[in-house]
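Asker: I need the structure of the sequence given here:
(chains A, B, C and D)
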Protein chains: 4
Amino acid sequence: MPKLISWGLAYVLIVFFNSEQSFAQSNTDITGSVVEIEVPAPALRGNLLGSSDVQNAAVYLPPGYNAQTERRFPVVYLLHGIFDNYGVWIEHFEVPEILDRLIDGDLMAEMIVVMPNGGNKYGGGFYRNSPVGGNWADYIADDLVGFIDGQFRTIADDASRAVVGHSMGGYGALHLAMERSDVFSVVWALSPCCLAANDDLSFGNDAWQRAAAIKGPEDLQDLIDSGDFYPIAALGVAAAFSPDVEAAPTYGAFPFEIVRGEVVLDDAAFDRYLDELPVRRVRASRENLRNLQGLAIGVGLGDQFMHIPTGTLEFSQRLGAERIPHRLDVYAGDHRQQVGERLENIVFPWVAEQMVLAE
Amino acid sequence: MPKLISWGLAYVLIVFFNSEQSFAQSNTDITGSVVEIEVPAPALRGNLLGSSDVQNAAVYLPPGYNAQTERRFPVVYLLHGIFDNYGVWIEHFEVPEILDRLIDGDLMAEMIVVMPNGGNKYGGGFYRNSPVGGNWADYIADDLVGFIDGQFRTIADDASRAVVGHSMGGYGALHLAMERSDVFSVVWALSPCCLAANDDLSFGNDAWQRAAAIKGPEDLQDLIDSGDFYPIAALGVAAAFSPDVEAAPTYGAFPFEIVRGEVVLDDAAFDRYLDELPVRRVRASRENLRNLQGLAIGVGLGDQFMHIPTGTLEFSQRLGAERIPHRLDVYAGDHRQQVGERLENIVFPWVAEQMVLAE
Amino acid sequence: MPKLISWGLAYVLIVFFNSEQSFAQSNTDITGSVVEIEVPAPALRGNLLGSSDVQNAAVYLPPGYNAQTERRFPVVYLLHGIFDNYGVWIEHFEVPEILDRLIDGDLMAEMIVVMPNGGNKYGGGFYRNSPVGGNWADYIADDLVGFIDGQFRTIADDASRAVVGHSMGGYGALHLAMERSDVFSVVWALSPCCLAANDDLSFGNDAWQRAAAIKGPEDLQDLIDSGDFYPIAALGVAAAFSPDVEAAPTYGAFPFEIVRGEVVLDDAAFDRYLDELPVRRVRASRENLRNLQGLAIGVGLGDQFMHIPTGTLEFSQRLGAERIPHRLDVYAGDHRQQVGERLENIVFPWVAEQMVLAE
Amino acid sequence: MPKLISWGLAYVLIVFFNSEQSFAQSNTDITGSVVEIEVPAPALRGNLLGSSDVQNAAVYLPPGYNAQTERRFPVVYLLHGIFDNYGVWIEHFEVPEILDRLIDGDLMAEMIVVMPNGGNKYGGGFYRNSPVGGNWADYIADDLVGFIDGQFRTIADDASRAVVGHSMGGYGALHLAMERSDVFSVVWALSPCCLAANDDLSFGNDAWQRAAAIKGPEDLQDLIDSGDFYPIAALGVAAAFSPDVEAAPTYGAFPFEIVRGEVVLDDAAFDRYLDELPVRRVRASRENLRNLQGLAIGVGLGDQFMHIPTGTLEFSQRLGAERIPHRLDVYAGDHRQQVGERLENIVFPWVAEQMVLAE
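Answerer: As a prediction, the model looks like this:
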């Protein structure tokens, strides 16, 4: 049985008791329950950023989970953004309440929703495998999925498994779609970061120079203590997309040098970096992408992270050029404000429709 | 009152009696009714292709129309493709049955759906204003909308009026969205033709040369009698997008000459032609497009008309570059086979969600 | 007569004496001469940035200028980059020596080359008309061209007049090509800035926030004193592309607000800003661009200003889509190092070939 | 020694005697000579289209070739278009006269220019290796280059070897650049065909259906006898890009079926076909392309083959996105009329400048 831990504020107190009750055969639940679990993460062992090989996650169990004790449920994995943890889904976006309303209103089938953590010292591991940051893709697709299928009554089949994410987690959802379509068959990326190296993610952003200027552990600690978004995120991107286990203390290989204050690209290193980005991986991944049951991306045109709308539009264009079915939603809005509303009105119902919902 | 005419096969017989009953105060209808109407079309007067200034249309009235005699309903206008008429919606795509099922299953609000004709001697008028083919845009947006609002209990407001079309009608829906957002506020284009002059719609297609080679009325009649799709459609495109009232007998200005068997473009004429295409009109129309409550385009990647997927993807890209919210659905499928299924599962429910459904 | 002023180092001393000699009927010159002139600039009057209405410029007169006293010469205008002045052409890129070698080697016709200043308090006026910065486009195309044609033996015809620029000056050359093809008919832009709002020129660059954060004259002076490239350049871009005479002390209208530390775009203002950029002005300017005798753009792929290669490629693509003849040179190199070599080996010879060289 | 054969009209009679004289120590030649040779073509053995394994070619020897009997010369290979042979260079484009003028005017170094044949029963082999049409790429890069280096005083090094082509030959030049940069280091493609499957080269062109409709040898012979450009060229494209040795009599695998008169794509076959096209091969070939000393493409905007300008612009864009240096020339003109003039004024001089001209 998963270890039960009480979670934060009002909702989770309810949840906790709900969960207690459910073991006592409550079969009139009208809300689901959230349990917090600890998940062994062998895929993260040996990482150089100090991430633990046991990771926390939250699991939403739908109202019928305890009542129908033989029934198995499809599962959605929900990946959060950089500098965050699964708490953002629960406290900020109020996902459990959204799911309760959808299920209660018969607008979505009952599903298990798993909310892992993906953060680390540099903000996050981008749900990628890295010799520096640890193998976060393997953690999600193997360790976590295996654990969940072992501990909960899931339909343990890719056709009944979806991955949804926001920002860094939107990137993660697409990355897993491209690399691990053996595990996930439905994908929705909300405002996915890092699809292309444009605009604020280009090396024209001063933040890269600040990250690359780090010489020793003190510099690194100072930067992390500063809490400055872009340069720390740049360290995270480097550790995930361009890792170098020799390059202490940051362990990121920057594909440029600073010559007289100007970024001078190292062509071969820049190639390697760009080749890791999703817009460049569409062709190589097209069989996986075509095999998905559902693939969707949504973005707000006023996203504060300027590379996100442009990268999303370019990614959609590449999907089209490679004849890969997908849905693109371009809406008025910004990086965060529409996320809750869209999850409720569009994302969860659509995702559920694309999944195989019963064994 | 609209003139009632029985329509075709089984469905319309039912409709006919339904309609009879409804006037006898049936208030337990579970299917809607279809009435065929004749619509005065002053906007078409004086056209050079012999289109009548009275046009037929069909109107679907939802089950509640007769029972709730004070209620007003939102309206969707449904535009058919080239070489077709409104019958394709009823007999081929079975739209009335689709609407009945959606309303019965509470998957869509009750709406009036109006199916006009848009065909002419060259296949169709592309729902555009033309001194040659007649002012089809005005016919739809002014004559027809006015007539419908006068004859039926509609919510006579753009916020409650949508336009949906397929192929030539998909083009028409987008054209009306760009030019007449004062009348329509929700738009879905299925497999829209003619967004860009690519592939089979480029002058590299031999059909253009056949159309341009017509010298006299006999040549023209021979071609029309042949029923050859592309060259007749080329006449239709020329009459709609590049009309020339002096250029008897076709009245189309072709933006090229044939020199020693090869297409030689006339630069200024080619510009004028290209500037009429939607991919070139996004910027000029952006205020109209941004004011829409909903804008969506869908296309099958295996469309037999090769310019349709490429044009749709390019149009979406231009929308994105101009920061215009929209939904793009790219699916496995071809020009026609998925249309019925998509209308039922996606288009009508989505369109209804974007509309103001009550006064 | 232009006022003669000795210029800087070795070369100009030679020039000075050369020039002296030339008035003494030297007709065996094998080098040209450089004269510095003061040019009345009524177009700049009333600007809010304190730019003078008399501007300095340098003029290269080819070896034959003094010998052939009846001959008239074609003219190339050479526009420098931001934070610079015409001295960069003479001292850094050694343009007079390049021209001497080309003419001596019979690799280029004899031409007058005019090097104006275009700098101001914010780095430069981008050779644009602005109620804030002054009408720099009019200064170049009207005041300066008129003055030069009045003072020197030029072929005073657009067919014999070219404009070449680097970086901000590359932008300027294209801007003048698009707006003033009545004056200039041959254009080469080297590494032109500001063609599209990408990468380091997007509002994702922190520099914009620093520029927008200026509250009073002290903040402004502090920033200017700091010499920080990007934020000062951002002020220059705002004053030139998005001026606001009410917005003291910077007089730039920024098309965004900072909300909780994040850039939030103002849609209408952002539109207006984007619409001023060359990638968005190709269609409106296509008649002017097509009428040019020669249009070329070159860029090094390793340009430190990341938006320059991407913007140049996008601009070329738009030119092609609008059927505008042009030459694009994409080479291995960076923002500055190849400029001298390219001017000598490619730019000046090609520009001369496109011009009408004799009356 | 190459076998000398008199060629065609006036020019080659002169050549013939010139050549005779040259063996008798003429050292005052002011024109080059053209010799026709027969080249063993083992790479073509076993082809299914009846192409001979001995191929004719013409070789232009510059004026100094006979006078300076120790000197070795750089070599340019010139590839002709579909439905043509090397005669087009000599009689139509008058390349020998162009070369004579350039060398005489000191506008280009003396070079050997080799003009092979590349035609076959379907118009041409596209200079590609094919189990159906024979290994034309190997024939050019191995058989012919080896033969030329053996028979003539060439600088037998890739740095001194260029390939230039027009239309199908422009495709061939780029294909060899991408695949055989070990052999060729400078490339100019004039109006290259077949870079992307757009417009008249898309399966929307009726010609593909006519080619695919061939059932037996009589159909095939009838089509070839008809001389109809597009459907025969479609056979050639299929045999070269999508060959199938089982698919007698055409031996082309068409990536679609005709279902009720409409093209229905076979997704996997369509992928394989598209993946052979240059716009899709830029990334995989980027190391080869970057290693070139010179890469240029030119196209007339009014090309009668509509896919050629669009494909060229898209190819340039992909080169830029992969950071591959190149020159793009987009000019007013059509498929053929500017070729001679451009060879003389731009292509040959530029190509010579990029090559290593002496040992």
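Asker: Counting neighbours, what do you get for the residue in the stretch 51-200 of chain A positioned nearest to chain D?
Answerer: Proximity of the stretch 51-200 of chain A to chain D (C-beta to the nearest C-beta) peaks at A:Ala196, 10.3 Å away. From N, CA and C alone the C-beta is placed, and that goes for glycine too. Neighbour count for A:Ala196, taken as other C-beta atoms under 10 Å in any protein chain shown: 21.
Asker: which residues of chain A score low on pLDDT?
Answerer: Along chain A, the model assigns pLDDT under 70 to residues A:1-29.
Asker: what does chain A put close to chain C?
Answerer: Contact residues (C-beta under 8 Å from any C-beta of the partner chain) of chain A with chain C: A:198-207, A:230, A:262-265, A:267, A:302, A:304-307, A:310, A:334-335.
Asker: let's see it at 6 Å
Answerer: Remark: the part of chain A in contact with chain C comprises A:199-200, A:202, A:204-206, A:262-263, A:265, A:302, A:304, A:306, using C-beta under 6 Å from any C-beta of the partner chain.
Asker: Setting aside sequence neighbours, what's the nearest residue to A:Ser181?
Answerer: Excluding the flanking residues, the one nearest A:Ser181 by C-beta to C-beta, 6 or more residues apart in numbering or on different chains is A:Asn288, at 4.0 Å.
Asker: What's the local residue count around the one you found?
Answerer: When neighbours are defined as other C-beta under 10 Å, A:Asn288 has 18 of them.
Asker: Where does it sit, in terms of helix or strand?
Answerer: For A:Asn288, the enclosing helix or strand under DSSP states H and E is helix A:286-291.
Asker: same question, A:Ala57
Answerer: Residue-wise, A:Ala57 maps onto strand A:54-61 under DSSP H and E.
Asker: Check which helices and strands that strand sits against.
Answerer: Contacts defined by 3 or more C-beta pairs under 6 Å, 6 or more residues apart in numbering or on different chains; DSSP states H and E place strand A:54-61 against strand A:33-40, strand A:112-116.
Asker: export those to JSON lines and tack on distance to D:Thr154 and mean neighbour count?
Answerer: Converted to JSON lines, the helices and strands packed on strand A:54-61 look like this (distance: least, C-beta to C-beta, whole Å; neighbours: other C-beta atoms under 10 Å in any protein chain shown):
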{"stretch": "strand A:33-40", "distance to D:Thr154": "68", "mean neighbour count": "22"}
{"stretch": "strand A:112-116", "distance to D:Thr154": "65", "mean neighbour count": "26"}
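Asker: tell me which element the closest residue to the residue of the stretch 51-200 of chain A closest to chain D other than its chain neighbours falls in.
Answerer: Sequence neighbours aside, A:Gly311 is the residue nearest to A:Ala196 in space, at 4.0 Å (criterion: C-beta to C-beta, 6+ apart). Of the helices and strands defined by DSSP H and E, A:Gly311 is found in helix A:307-321.
Asker: And for A:Asp106, the neighbour number?
Answerer: 8.
Asker: what's the answer for A:Val263, then?
Answerer: 25.
Asker: Check which helix or strand it maps to.
Answerer: Using DSSP H and E, A:Val263 falls in strand A:262-265.
Asker: buried set for whichever helix or strand comes after that strand?
Answerer: Past strand A:262-265, further along toward the C-terminus, the next helix or strand under DSSP H and E is helix A:267-275. When neighbours are counted by 16 or more other C-beta atoms under 10 Å in any protein chain shown, the buried residues of helix A:267-275 are found to be A:269-271, A:273-274.
Asker: Spatially nearest residue to the residue of the stretch 151-300 of chain A found nearest chain D (excluding sequence neighbours)?
Answerer: Proximity to chain D, evaluated over the stretch 151-300 of chain A using C-beta to the nearest C-beta, is greatest for A:Asp267 at 6.9 Å. Take A:Asp267 and drop its neighbours on the chain: the residue closest to it by C-beta to C-beta, 6+ apart is D:Arg323, 6.9 Å away.
Asker: number of nearby residues for that neighbour?
Answerer: 19.
Asker: For A:Trp208, which non-adjacent residue is spatially closest?
Answerer: Using C-beta to C-beta, 6+ apart, the closest residue to A:Trp208 is A:Ala234 (5.2 Å).
Asker: contacting residues for the one you found?
Answerer: A:207-208, A:211 (C-beta atoms under 6 Å, 6 or more residues apart in numbering or on different chains).
Asker: do the same with A:Pro231
Answerer: A:207, A:210-211, A:223 are the contacts of A:Pro231 under C-beta under 6 Å, 6+ apart.
Asker: Taking helix A:267-275 as reference, get the angle to the one helix or strand it maps to.
Answerer: For A:Pro231, the host element (DSSP H and E) is helix A:229-241. Helix A:229-241 runs at 90 degrees relative to helix A:267-275, counting by axes from the mean of the first three to the mean of the last three C-alpha atoms, to 10 degrees.
Asker: related to what we said a few turns ago, state the distance from the residue nearest to A:Ser181 to A:Arg180.
Answerer: Computed as C-beta to C-beta, to the nearest Å, the A:Asn288 to A:Arg180 distance reads 8 Å.
Asker: ok but A:Leu295 is inside a strand, no?
Answerer: Yes: counting by DSSP: H, G, I helix; E, B strand; the rest coil, one finds A:Leu295 located in a strand.
Asker: Show me what it is bridged to.
Answerer: Beta-bridge partners for A:Leu295, by DSSP bridges, are A:Val187.
Asker: now, which of the contacts of A:Pro231 sits nearest chain C?
Answerer: A:Ala207 (7.1 Å).
Asker: Now the closest residue to chain B within the stretch 51-200 of chain A, what are its backbone angles?
Answerer: Residue of the stretch 51-200 of chain A nearest chain B, by C-beta to the nearest C-beta: A:Asp106 (9.8 Å). Per-residue torsions, A:Asp106: phi 60, psi 30 (degrees, to the nearest 10).
Asker: And for A:Glu276?
Answerer: Per degrees, to the nearest 10, the backbone of A:Glu276 is at phi -80, psi -10.
Asker: what's the closest non-adjacent residue to it?
Answerer: Closest to A:Glu276 by C-beta to C-beta, 6+ apart is A:Phe241, at 4.8 Å.
Asker: Same check on A:Gly170?
Answerer: A:Pro192 (2.9 Å).
Asker: Where does the one you found fall, secondary structure wise?
Answerer: Assigned by DSSP H and E, A:Pro192 belongs to no helix or strand.
Asker: Can you report how many residues lie near it?
Answerer: Neighbours of A:Pro192 using other C-beta under 10 Å come to 27.
Asker: who's in contact with it?
Answerer: So A:Pro192 contacts A:170-171, A:174 (C-beta under 6 Å, 6+ apart).
Asker: circling back to that earlier point, I'd like to know how far the residue of the stretch 51-200 of chain A closest to chain B sits from A:Pro349.
Answerer: 11 Å.
Asker: A:Ile155: what's its closest spatial neighbour, skipping adjacent residues?
Answerer: A:Arg72 (4.8 Å).
Asker: and what of A:Leu174?
Answerer: A:Ala189 (5.0 Å).
Asker: now that neighbour, what's its secondary structure?
Answerer: strand.
Asker: related to what we said a few turns ago, for the residue nearest to A:Ile155, give me its contacts.
Answerer: Per C-beta under 6 Å, 6+ apart, neighbours of A:Arg72: A:153, A:155, A:359.
Asker: Verify the stated contact: the second one with A:Glu359.
Answerer: Read that as A:Ile155. Yes: counting by C-beta atoms under 6 Å, A:Ile155 touches A:Glu359, with 5.5 Å between them.
Asker: Looking at those two, which is more packed in?
Answerer: Between A:Ile155 and A:Glu359, counted using other C-beta under 10 Å, the more crowded position is A:Ile155 (21 against 11).
Asker: Tell me which stretches of the stretch 101-250 of chain A form helices.
Answerer: A:136-138, A:145-151, A:168-179, A:206-212, A:217-226, A:229-241 (DSSP state H, counting those that start in this stretch).
Asker: Point out the most buried one among those helices.
Answerer: Of all those, helix A:168-179 has the most neighbours on average by mean count of other C-beta atoms under 10 Å in any protein chain shown, namely a mean of 27.
Asker: Measure how far that helix is from the centre of its chain, please.
Answerer: With C-alpha atoms, centre = their mean, to the nearest Å as the basis, helix A:168-179 stands 7 Å off its chain's centre.
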